[in-house]
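Peer 1: Sequence and predicted structure below; questions after.
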Amino acid sequence: MSGEFNLIEKYFVGRQTPRSDVVLAAGDDCALVSAPVGSLIAISTDTLVAGTHFLSSANPAWVAHKALASNISDLAAMGATPAWVSFALTMPEVDEAWLAPFCDSFFALADQYGIQLIGGDTTKGPLSLTLTVQGLIPHGKALQRSGAKPGDGVYVTGWLGDSQAGLDVVLEPAHLTKPHADELQKRHYLSTPRIQVGEALRGIASAAIDISDGVISDLGHILKRSGVGAQLQVEQLPLSPQLLAFVGSEQQAQQYALSSGEEYELCFTVPENQQQAMWHALSNIDCLVTRIGSINDSGELTLTQQGQQLAWQLHGYDHFKTN
């Protein structure tokens, strides 16, 4: 990319107050960071591609928020505290009118979560964003997908299904005439990483995952890794008034809630003997938390409504599924 180093200096260097654990950030071949004694480093990498994860015409500030928030959400799912991020940007051409609001939004969110940009790359090509986030977790406290046991409750944070409704608006402008279309489109891009919830669940939750491909799919990962099954009561799903008005049907809203990807809420399991500890740990955190089911030993995921099993055929999001 022409003017690569000038671009980096102008938009990415000197934008943040350095963290005390960053020994060296931009300017050398590698960044140098120092981790506290007794901590593990959680690392996650994701790529967002124009045309797959966002439209090239989308608000660049919203794209920046979505890119970083979705990665921070991975840290939340592990109970990690955000620390550092590396960012590789590929663009067809230098577009400063796009970069300026993108970077303003990116660094505002990074500062909100105490995460420092420590390196990355810029190159020429189809528009895509690749981020590697790193966070800190005390030894032995990481939340994983493999600990769910029969009898555990299944919980989620936030409202579910709003992101899918927002994506409907993004992909089909005719939906703009529906109630709350603008708000739901905004929610699709501007998720809230549940870092405080993840940190509070250390030593309490038996398993956790963030909802990036839909509850049906992501809870399925917990069930597979833990060797268990689950029963979900769809009448317990947290549905926003905006989603209900947008789709006009409680059943359709429930199906959105189960299959909607890119929610970036948390789904987690908690043993019965930890229920009180969980509610106490979450009592000072401003986040809706809802029990939607329980873990069992069936090895399968079943859906019920008012005690009656449902035969809905639902699937989460799959990047490589074509139909």
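Peer 2: The structure has been received and is ready for your questions. Residues are numbered from 1 along each chain as shown.
Peer 1: Give the helix, strand or coil label for residue 160.
Peer 2: At residue 160 the chain is in coil, as set by DSSP: H, G, I helix; E, B strand; the rest coil.
Peer 1: show me what contacts the nearest residue to it once chain neighbours are set aside?
Peer 2: Spatial nearest neighbour of residue 160, excluding adjacent residues (Cβ to Cβ, 6 or more residues apart in numbering): residue 257 at 3.7 Å. C-beta coordinates here come from the backbone N, C-alpha and C atoms, glycine included. Going by Cβ atoms under 8 Å, 6 or more residues apart in numbering, residue 257 touches 160, 161, 215, 237, 238, 239, 243.
Peer 1: May I ask which of these has the most neighbours?
Peer 2: Using other Cβ atoms under 10 Å as the neighbour criterion, residue 161 leads the contacts of residue 257 with 30 neighbours.
Peer 1: Now do that one against residue 309, distance only.
Peer 2: As judged by Cβ to Cβ, to the nearest Å, residue 161 and residue 309 stand 21 Å apart.
Peer 1: cool, and residue 146?
Peer 2: Distance, residue 146 to residue 309, by Cβ to Cβ: 27 Å.
Peer 1: Output the below-cut-off pLDDT ranges for this protein.
Peer 2: For the chain, the stretches flagged by pLDDT under 70 are 1-6, 316-323.
Peer 1: So in it, which helix runs the longest?
Peer 2: helix 60-78 (DSSP state H).
Peer 1: List the contacts of the residue nearest the centre of the chain.
Peer 2: Central residue of the chain (Cα atoms, centre = their mean): residue 264, 2.8 Å from the mean position. Applying Cβ under 8 Å, 6+ apart, we find residue 264 in contact with 69, 70, 73, 163, 191, 192, 193, 194, 210, 211, 212.
Peer 1: among the residues you listed, which ones are buried?
Peer 2: 69, 70, 73, 163, 191, 192, 193, 194, 210, 211, 212 (16 or more other Cβ atoms under 10 Å).
Peer 1: residue contacts, the third one?
Peer 2: For residue 73, the contacting residues are 191, 193, 194, 210, 212, 264, 266, taking Cβ under 8 Å, 6+ apart as the criterion.
Peer 1: Residue 159 too?
Peer 2: If you count contacts by Cβ under 8 Å, 6+ apart, then residue 159 has 238, 239, 240, 243, 288 around it.
Peer 1: from these, which two are the most distant?
Peer 2: Taking Cβ to Cβ as the measure, the contacts of residue 159 reach their widest spread between 243 and 288, a distance of 13.4 Å.
Peer 1: Please name the bridge partners of residue 266.
Peer 2: residue 210 (DSSP bridges).
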